[in-house]
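# Build me a model from this:
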Amino acid sequence: MAQGSINVRYEEEFIFNSGGLMLFTCRWLPTNQDPKALIFLCHGYAMECSISMEGTGTWLAKAGYAVYGVDYEGHGKSSGLQGYIPSFDDLVNDCSDYFTSICEKKENKMKLRYLLGESMGGAVVLCLHRKKPKFWDGAVLVAPMCKIAEEMKPHPLVINVLSKPCRIIPTWKIIPTQDIIDIAIKNPEKRDEVRSNPLCYKGKPRLRTGHELLMVSLDIEKTIDQVSLPFMIVHGGDDIVIDPSVSRLLYDSASSSDKTFNLYPGMWHALTSGEPPENIQLVFSDIVAWLDERASAVNSRSEREGKNKHDHPAFLEKKVFLYA
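Numbering: from 1, shown residues only. As a prediction, the model looks like this:
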């Protein structure tokens, strides 16, 4: 069935996490076909799902996938102080609990499960995989945050010093940073769209938030060789928010036998939403092709459990694509 012939239904729902905090969730569902698989979105820092990732959800649903998103605590329409991440572990647990609840629905139990994370959401994806190494069938990582560049890495003494005020003034907006919107989003119209979106946090990073992001980045870097699920990385060659060398390290170090790295010269950080339409189309065409190839090789989890689809010869060769 052609992508354009698939209708999409969008739905929203509020849920409560284990601590009683209200979280916003949304989903994009193909209406005239059974979904090929489930895809779970992990948005970036200071972003949200319903507007910022609408293009991603719609594109993938039109390709025949059921797509689910959740706004983290302190993000989007979820409860909590805006832009504040008191615990990255709790954030990951919230995503894990919600995504697992969708997978365990009767109609979804046999469907394949994929994660898609953008920027900080890439770190969330890697943490979800580490939490349940055999649960997920694959991941798409969009300019993932999985290491701090050496020239940006604080000295261990600085980290120790910062940990003390984090306990005293955790919510203070005192971490200096340049305007990420200007350097992440190439398309001026999309830049204005994010600036006018009240659901996106635009203040300086809060002290505890910055500390949590630093610590999870350092932690992921230490265990990067333990990444074993099939994954595809897409990264802009001119990304100055997260250096493409970070994705290269993940690609080279991961133990996964099925891994793909697409580097797009000239593209920036927000390559699934902030680029000109023809660039976005190229990126999503590659993502959908990657997903389709794996979803068609094995159509259900029962089939996956009976036969390891990643032993298929087509998935054993490492792949790197560089676009001119």
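
# Helices of the stretch 101-250 of the chain, start to end?
In chain order, the stretch 101-250 of the chain shows helices spanning 120-131, 156-168, 180-184, 188-195, 207-222, 244-253, with DSSP state H, counting those that start in this stretch as the criterion.

# Figure out which of those helices is closest to residue 233.
Taking CB to CB as the criterion, helix 244-253 is the member of these that comes nearest to residue 233, at 4.7 Å. From N, CA and C alone the C-beta is placed, and that goes for glycine too.

# Just the buried positions in that closest one, please.
Taking 16 or more other CB atoms under 10 Å as the basis for neighbour counts, the residues of helix 244-253 that come out buried are 244, 246-247, 250-251, 253.

# Could you name the helices and strands sitting against whichever helix or strand comes after that helix?
Using DSSP states H and E, the helix or strand that directly follows helix 244-253 along the chain is strand 259-264. Other helices and strands packing on strand 259-264, by 3 or more CB pairs under 8 Å, 6 or more residues apart in numbering; DSSP states H and E, are strand 231-236, helix 244-253, helix 277-297, strand 319-322.

# Of the helices of the stretch 101-250 of the chain, flag the one that's most buried.
Comparing the helices of the stretch 101-250 of the chain by mean neighbour count (mean count of other CB atoms under 10 Å), helix 120-131 comes out on top with a mean of 25.

# That one - contacts with which helices or strands?
Packing partners of helix 120-131 (3+ CB pairs under 8 Å, 6+ apart): strand 38-42, helix 88-103, strand 113-118, strand 138-142, helix 207-222.

# Nearest to residue 178, out of the helices and strands packed on strand 259-264?
Distances from residue 178 to each of the helices and strands packed on strand 259-264 were compared using CB to CB; the shortest belongs to strand 231-236, at 17.5 Å.

# Tell me where the model's unsure across the chain.
Confidence mapping of the chain against pLDDT under 70 gives the ranges 1-5, 148-162, 299-324.

# tell me, what residue is most central in it?
residue 117 (0.8 Å; CA atoms, centre = their mean).

# Would you quantify the distance from that one to residue 297?
According to CB to CB, to the nearest Å, residue 117 and residue 297 sit 23 Å apart.

# same question, residue 120
Looking at residue 120 against residue 297, where the rule is CB to CB, the gap reads 30 Å.

# Likewise for residue 273?
Separation of residue 273 from residue 297 (CB to CB): 29 Å.

# So between those two, which is more surrounded?
Each of residue 273 and residue 297 has its neighbours counted (other CB atoms under 10 Å); residue 273 has more, 21 against 16.

# Now do the contacts for the more buried one.
Neighbouring residues of residue 273 by CB atoms under 8 Å, 6 or more residues apart in numbering: 52-53, 55-56, 185, 190, 280.

# same check, this time on residue 197
48, 51-52.

# Pretty sure residue 34 sits in a strand.
No - counting by DSSP: H, G, I helix; E, B strand; the rest coil, residue 34 falls outside a strand, being coil.

# And residue 296, how far from residue 277?
27 Å.

# do the same with residue 102
If you measure residue 102 against residue 277 using CB to CB, the figure is 31 Å.

# Looking at the two, which has the bigger crowd around it?
Counted by other CB under 10 Å, residue 102 and residue 277 do not tie: residue 102 has more neighbours, with 17 against 8.

# before we move on, what SS does the spatially closest residue to the more buried one that is not a sequence neighbour have?
With CB to CB, 6 or more residues apart in numbering as the criterion, residue 102 has its nearest non-adjacent residue at 5.5 Å, and that residue is residue 68. Secondary structure assignment for residue 68 (three-state DSSP): strand.

# Measure how buried residue 68 is and give me the count.
The tally of other residues near residue 68 (other CB under 10 Å) stands at 23.

# Residues in a beta bridge with it, which ones?
For residue 68, the beta-bridge assignment (DSSP bridges) gives partners residue 27, residue 40.

# Does residue 231 have any beta-bridge partners, and if so which?
residue 139, residue 259.

# Could you measure from it over to residue 261?
Here the distance between residue 231 and residue 261 works out to 9 Å (CB to CB).

# In TSV: the helices and strands packed on helix 120-131, plus distance to residue 267.
Written out in TSV, the entries for those read as follows (distance: least, CB to CB, whole Å):
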stretch	distance to residue 267
strand 38-42	20
helix 88-103	27
strand 113-118	13
strand 138-142	11
helix 207-222	22
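
# Before I go, just wanted to say thanks for your time.
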